[in-house]
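**Student:** Pasting the sequence and the predicted model now:
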Amino acid sequence: MVTTSTGPAAVRGPSLPLSLTSAFLQHLTARVSAAPNAARVTTTAPYTGVPLADFPVSTPEDVEAAFARARTAQKTWAATPIAERKKVLLRYHDLVLARQDQALDLMQAENGKTRRDAFLEVVDIGIVSRYYARNAARYLGPKRRRGAIPVLTHTTELRHPKGVVTVISPWNYPLSMAASDTIAALMAGNAVVQKPDTQTALTALWSMDLMYEAGLPEGVWQMVIGRGSSIGGALMDNADYMMFTGSTATGRQIAADAGRRLIGASLELGGKNPMIVLDDADIDKAAEGAVNACFPSAGQLCVSFERLYVAESIRDEFVAAFVARTKKLRIGAAYDYSVDVGSLTTPAQLRTVTEHVEDAVAKGATVLAGGKARPDLGPLFYEPTILTGVTPDMTLHSHETFGPVVSVYTYRDIDDAVTQANATAYGLNASVWSRNGARGRAVAARVHAGTVNVNEAFAAAWGSIDAPMGGMGDSGLGRRHGADGILKYTEAQTVAHQRLQGFYPPARISPETWTVLLGNALRVMKTVGMR
């Protein structure tokens, strides 16, 4: 059984933090783009199940109006010099760090994660906002390109904002996913109409509120609330670009709709991420790494791990160390740093986790740690769970559980490990553990995943903000972070100025002579190494 802390974390969840006053929550919900007489929807706190916030629900007409306001505001924002946009992002950076306790309270209240996991979202947004503020001019500024004819062709690449970007963000990382993609879109000169998941919309609204306080012109960032079945069509039909983070099934539909409209889309979707422990791995470090890889945010993390592949020669020693560390985790609810694992976020997620584990056990899997819900702690708690003996006929073998559940497998050799790791339609994130860094990187390069970490779970690749992050296969299209993360929100334009002479012959030279001269010029350029 997973142990619990001896303090408040061992009892049912605490009441809401004092910072989340009624006046403060009403200030945030008033930011939703909706009619004054809109229908309302109430969210509940995962720790306790008590009502948390009351939101107005946006209609398709409200979405249309939000886009109209955003389009007007975007024209002025796009004309704002990059240096001025940079100042807004850097002020936002400082505000997020200065008010982080408020953000942490919101994320914990809405999502049920621990304070440690919530703090990583604050760090993420600090890094992302600083990065794009400091690097946008390099990515977006005019660039000279080689012309068709040396000296005579002056060619420049320009970058223009797409216009108004739709951002649909999930509930599992309510600050990171709500703000990081929006930051890049805004810095590129776009306006944004965003639909966060209703369960964690307070955090998204808080982020937007701070961006306006930092100096973003009113109307550039709009927030709507509602079910995708109600307002999804309006969000797609008005978008100049679509940024979506969520399920693969929904991502496929969005990709199809974006194709119909001939607009771009970036999609971070599901995952069934593998961790490979090589036979030369430091077992203590790998076991600790596995805990940090599998159970952050109660396993509700797109880049966390549900499959562990361990070399046969170290299997028993590794599993013993991993199980021992998992059983020591403190599970519970606390608005401080006294617990290690928090709550699941929704009843639907608890049902999925429970059904997956029960199905596996009924078909012969063995529970080495956890394996059950903890209603004594709160309505949505589930123990960190380790399974062995998982076979392909079990639901959780190939389907994403998205909870604190991991299956341990063994492999014979590296080829077998890579084959098993790649035996999935997904390809989001992976991890390889070895004392030999070069060996670990060589194995990592063979894994079918958009990011692979060596001797780390996900933070090394995710935090390498200058490098692209995204999925292969059923894990999505497009990338966030780095150059890709901001250039995807722009249209490339080539302006080529031809001077004096072009490709057609001047009047005094015959076409036959001209073709010989031009052909010889091409041969010379090839000989001297011109590109």
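**Tutor:** The structure has been received and is ready for your questions.
**Student:** Which positions in whatever helix or strand Gln349 lives in come out as buried?
**Tutor:** Assigned by DSSP states H and E, Gln349 belongs to helix 347-362. For helix 347-362, the neighbour count (16 or more other C-beta atoms under 10 Å) marks 349-350, 352-354, 356-357, 360 as buried. Glycine gets a C-beta too; all of them are placed from N, C-alpha and C.
**Student:** how about these in a markdown table, adding pLDDT and distance to Gly502?
**Tutor:** Formatted as a markdown table, the buried residues of helix 347-362 follow (pLDDT from 0 to 100; distance: C-beta to C-beta, whole Å):
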| residue | pLDDT | distance to Gly502 |
| --- | --- | --- |
| Gln349 | 97 | 63 |
| Leu350 | 98 | 68 |
| Thr352 | 98 | 63 |
| Val353 | 98 | 66 |
| Thr354 | 98 | 71 |
| His356 | 98 | 66 |
| Val357 | 98 | 70 |
| Ala360 | 98 | 69 |
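**Student:** a markdown table please, covering the residues you listed and showing distance to Ile414.
**Tutor:** Output for the buried residues of helix 347-362, formatted as a markdown table (distance: C-beta to C-beta, whole Å):
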| residue | distance to Ile414 |
| --- | --- |
| Gln349 | 35 |
| Leu350 | 37 |
| Thr352 | 33 |
| Val353 | 32 |
| Thr354 | 36 |
| His356 | 29 |
| Val357 | 30 |
| Ala360 | 27 |
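**Student:** Kindly indicate which of those residues lies nearest Val367.
**Tutor:** Among the buried residues of helix 347-362, Val357 lies closest to Val367 (C-beta to C-beta), at 7.5 Å.
**Student:** Isn't the closest one up against Thr395?
**Tutor:** No: using C-beta atoms under 8 Å as the test, Val357 is too far from Thr395 to be in contact (9.5 Å).
**Student:** Show me what the helix holding Gln349 is in contact with.
**Tutor:** For helix 347-362, contacts defined as C-beta atoms under 8 Å, 6 or more residues apart in numbering pick out 299-300, 344, 367, 371, 373, 379-380, 382, 385, 387, 390, 394-397, 399, 401-405, 407.
**Student:** residue boundaries of the helices in the stretch 151-300 of the chain?
**Tutor:** Ranges of helices in the stretch 151-300 of the chain, per DSSP state H, counting those that start in this stretch, are 176-187, 201-213, 228-238, 248-261, 283-294.
**Student:** Give me the contacts around stretch 286-295.
**Tutor:** Residues outside stretch 286-295 that contact it (C-beta under 8 Å, 6+ apart) are 275, 277, 304-306, 308, 318, 321-322, 324-326, 329, 340-341, 384, 404, 406, 431, 433, 455-458.
**Student:** thinking again about what came up before, is it possible to mark the buried ones in the contacts of helix 347-362?
**Tutor:** Buried by 16+ other C-beta under 10 Å: 299-300, 344, 367, 371, 373, 379-380, 382, 385, 387, 390, 394-397, 401-405, 407, out of the contacts of helix 347-362.
**Student:** any idea which element Asp105 lies in?
**Tutor:** Here Asp105 is assigned to helix 100-111, by DSSP H and E.
**Student:** Might you report the residue contacts of Asn135?
**Tutor:** The contact partners of Asn135, by C-beta under 8 Å, 6+ apart, come to Asp466.
**Student:** quick one: secondary structure of it?
**Tutor:** For Asn135, the secondary structure call by DSSP: H, G, I helix; E, B strand; the rest coil comes out as helix.
**Student:** what's near enough to touch the residue nearest to Ala38 when sequence neighbours are not counted?
**Tutor:** In space, and not counting its chain neighbours, Ala38 is closest to Pro56: 3.8 Å by C-beta to C-beta, 6 or more residues apart in numbering. Residues near Pro56 by C-beta under 8 Å, 6+ apart: 29, 32, 34-35, 38-40, 225.
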